[in-house]
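> need a structure here:
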Amino acid sequence: MTLIDLSNYGVELYESDDSRAGTPLGNVYFDVATGKIEFITAAEKATLIITDVGHPRYTDGTTPVANNLLATDGLKFEAIYAFENERRANNEVLRKYNRFTSASFKFAGAFSFVNGRTPSIAADREIIRSSGWKELTGSTIDRIYFGNKGLSNIEPGSQPYYQLGTPQSTSIDFSQVGQIDEAVLVFEDGGSDNTAYEAVSVRTYGNNYDRKETTTDLGIAELGDYFAGFALGESTHLTTNTTDHPFADVSTTPTGVWVGMELNHIAVPSAKTGEFSDETGTRLFSWELINNNGATLDQMVAWLDAFSTEPAKEADGLGVNTGHLGKDISTWYSYNATGQIVTKSGVDPTTEGLYLNNVPISDQQRVVMTDDGGTQKAYAFNVSLEIDVGATAKADANAWYHNWYAAAFDTAGAIVVRNATPAEIKGVCSSANGANKIIESFNYDNDSDGGTAGTPKNCVCLVEGDGGATQAKTLYTITRITTVSITCAPGAETNV
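I've put the predicted structure just below:
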């Protein structure tokens, strides 16, 4: 099947002698008595009977042909206008009545239903493609429909939707899934006037979401009886997928790590301290994603993705800031140029931030959190120092380890290396794990004792025993890598 336009309307459209409520033979019915026009689709009547000898598909006066007018493909307003012209030229009965349509500007898709004539039902409007239009009674504008047309990739099964009037108004699905080509009501005489703003979105779980606004993205100050293109596109999400993160497990009936996960609005937030590489700014977060079951960053992102598609779920689990439904409001993160997740409030991203609870250490370098003041806070880069003291030192109850910065070692001004707590990296070797290792976390970005934060550090590790192990001394360098392995394992003491 195909879209019906100027190239094929003469073949695919045929004037009906009766309405859809009766026994129509054609697929376009001009109801001159009520002023309604009907576009009767194949779903309503699969076969047409062509009796018009002037029709290209006419053969013998009772020609049955397939009805190729489909709601999924639709027809352009230009085809409706041209078809009315053709019928008025060939059907003198129609000439006794006022026209149903008029045209003002073909290439902008600007047409009108005139003289109080209108489509009969909602489906007769939804089938019209690549156009906006007015519905007029004399010079009075009864309604204005603004045409939306997609210009980028929208997957065939995705459900795009629109919002009118304000950015967080109720979302309304387009009548068709897949690529957008449909007009929406933006003005009604005596009713609503939404000609100032429209947002068009696509949010399909498992894909990256997109949203475009007429004011900011299209530069349209007033929506009128024409159509405009939206470069609205989607692509496969980097981590959220229905195999690893089934929607049902994440949102419908949460299981595992997603049990109890929710967004909470914190009425009086307190500053987060000791977590981020930058301790300036407010470090206040009005929103927090509760993660009590050890979810990874990808699992938290999947939850935010799922929530953003929910048309009836309230954002605030605490009930402090209500009236914000998942599908209607903004999304809760974006990607930056380096591919990190950057959090934001989906309710008010200009004044409120989002904090993710309990981000695993292994994921912390992949996320940046935006606080209420709009400052993006990154976790400090924590390097895992793995000091292998050896079995001999571990067995020596009096053996100890101690770490200094190399630059001032062997002087009165020697500086002890501190961990991320920050506490001095020292202790007894008997505390080593089963692999004879002492594990410490070093804050690479916040450290300043050993020089400039965020730069490599040369350090000295000493391990000495007293009753079983001798001394070992190892020079090592802390760099911006996940793990620095240090072997400082003394031999057995044989001299005492």
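
> Name every strand pairing with the helix or strand of the chain with the lowest mean pLDDT and say which way it goes.
When each helix and strand of the chain is scored by mean pLDDT, DSSP states H and E, strand 101-105 comes last, with a mean of 85. Here strand 101-105 has these sheet partners by DSSP bridges: strand 110-113 (antiparallel).

> Can you mark which positions in the strand it pairs with are buried?
The neighbour-count check on strand 110-113 (16 or more other C-beta atoms under 10 Å) flags 110-113 as buried. Backbone N, C-alpha and C define where each C-beta goes, glycine included.

> okay, and for the stretch 51-200 of the chain, where does confidence drop off?
Across the stretch 51-200 of the chain, the ranges flagged by pLDDT under 70 are 106-109.

> would you list every one of the strands in it?
63-66, 75-76, 101-105, 110-113, 118-119, 128-129, 132-137, 140-150, 160-164, 172-173, 181-188, 198-202 (DSSP state E, counting those that start in this stretch).

> got the CA positions of the least confident helix or strand of the chain in CSV?
The C-alpha coordinates for strand 101-105 follow below in CSV (Å, rounded to 0.1, in the frame of the first residue of the first chain):
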residue,chain,number,x,y,z
THR,A,101,-11.9,22.5,1.0
SER,A,102,-9.7,25.3,-0.2
ALA,A,103,-6.0,25.7,-0.6
SER,A,104,-3.7,28.6,0.4
PHE,A,105,-0.1,27.4,0.1
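
> How far does it sit from its chain's centre?
Offset of strand 101-105 from its chain centre (C-alpha atoms, centre = their mean, to the nearest Å): 38 Å.

> what's the angle from that strand to strand 132-137?
Strand 101-105 and strand 132-137 are oriented at 130 degrees to each other (axes from the mean of the first three to the mean of the last three C-alpha atoms, to 10 degrees).

> Next, the buried residues of stretch 223-230.
The neighbour-count check on stretch 223-230 (16+ other C-beta under 10 Å) flags 223-230 as buried.

> most centrally placed residue in this protein?
By C-alpha atoms, centre = their mean, the mean C-alpha position of the chain lies nearest to Y209, the distance being 3.1 Å.

> And what about the nearest residue to L25 once chain neighbours are set aside, helix, strand or coil?
Closest residue in space to L25, ignoring its immediate chain neighbours: I49 at 4.3 Å, by C-beta to C-beta, 6 or more residues apart in numbering. Secondary structure state of I49, per DSSP: H, G, I helix; E, B strand; the rest coil, is strand.

> Could you do D305 as well?
Classified using three-state DSSP, D305 is helix.

> What is the burial count for it?
Residues contacting D305 under the criterion other C-beta atoms under 10 Å number 26.

> Now do the same contact list for it.
Going by C-beta atoms under 8 Å, 6 or more residues apart in numbering, D305 touches 205-206, 209, 237, 240.

> returning to that earlier point: neighbours of the residue nearest to L25, how many?
17.

> shift numbering so it begins at 4
Noted, 4 is the first residue going forward, which turns the last one into I52.

> which residues does it contact?
28-29, 65-67.

> Okay, helices next: where are they in this protein?
12-15, 80-93, 125-129, 250, 300-310, 393-398 (DSSP state H).

> okay, these in a markdown table with distance to T480 next?
Below are the helices of the chain laid out as a markdown table (distance: least, C-beta to C-beta, whole Å):
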| stretch | distance to T480 |
| --- | --- |
| helix 12-15 | 76 |
| helix 80-93 | 71 |
| helix 125-129 | 67 |
| helix 250 | 47 |
| helix 300-310 | 29 |
| helix 393-398 | 21 |
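
> which of those helices sits most buried?
With neighbours defined as mean count of other C-beta atoms under 10 Å, the helices of the chain peak in mean count at helix 300-310, which reaches a mean of 24.

> Could you pull up the mean pLDDT of it?
Mean pLDDT, computed over helix 300-310, is 98.

> just how off-centre is it within its chain?
Using C-alpha atoms, centre = their mean, the offset of helix 300-310 from its chain centre is 11 Å.

> Restrict it to CA atoms and write it as PDB.
This file holds the C-alpha atoms of helix 300-310, laid out as PDB (Å, rounded to 0.1, in the frame of the first residue of the first chain):
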ATOM      1  CA  LEU A 300      24.900   2.300  37.400                       C
ATOM      2  CA  ASP A 301      23.500   0.500  34.300                       C
ATOM      3  CA  GLN A 302      20.600  -0.900  36.400                       C
ATOM      4  CA  MET A 303      19.800   2.500  37.800                       C
ATOM      5  CA  VAL A 304      19.800   4.000  34.300                       C
ATOM      6  CA  ALA A 305      17.400   1.200  33.200                       C
ATOM      7  CA  TRP A 306      15.100   2.200  36.000                       C
ATOM      8  CA  LEU A 307      15.200   5.800  35.000                       C
ATOM      9  CA  ASP A 308      14.600   4.800  31.400                       C
ATOM     10  CA  ALA A 309      11.600   2.700  32.400                       C
ATOM     11  CA  PHE A 310      10.100   5.400  34.700                       C
END
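
> Next, the distance between the ends of stretch 375-382.
Distance between the boundary residues of stretch 375-382 (C-alpha to C-alpha, to the nearest Å) amounts to 17 Å.

> for stretch 118-138, same thing?
The first-to-last residue distance of stretch 118-138 comes to 8 Å (C-alpha to C-alpha).

> Stretch 11-23 now?
Across stretch 11-23, first to last residue, C-alpha to C-alpha, it's 23 Å.

> ok, back up a step: closest one of the buried residues of strand 113-116 to A492?
A113 (82.4 Å; C-beta to C-beta).

> separation between the closest one and A383?
Distance, A113 to A383, using C-beta to C-beta, to the nearest Å: 58 Å.

> What are the boundaries of the strands in the stretch 254-403 of the chain?
Using DSSP E, counting those that start in this stretch, the strands of the stretch 254-403 of the chain run over 265-268, 290-293, 336-338, 344-346, 357-359, 370-373, 379-381, 385-391, 403-408.

> any idea of the mean pLDDT in the second one?
For strand 290-293, the mean per-residue pLDDT is 97.

> Need the contact partners of that strand.
Under C-beta under 8 Å, 6+ apart, the answer for strand 290-293 is 263-269, 303, 306-307, 320, 335, 348, 350, 355-360.

> Buried ones among the residues you listed?
264-269, 303, 306-307, 320, 335, 348, 350, 355-359.

> ok, so of the contacts of D308, who is nearest F445?
Using C-beta to C-beta, the contacts of D308 come closest to F445 at T243, 32.6 Å.

> Quick one: residues contacting the closest one.
By C-beta under 8 Å, 6+ apart, the neighbours of T243 are 208-209, 301, 304-305, 308.

> One more pass at 7 Å, please.
Residues in contact with T243 (C-beta atoms under 7 Å, 6 or more residues apart in numbering) are 209, 304-305, 308.

> same check, this time on A396
402, 432, 466, 468, 472, 492-493.

> just those now: which is nearest R91?
Scanning those for proximity to R91, where the rule is C-beta to C-beta, the winner is A492, at 98.7 Å.
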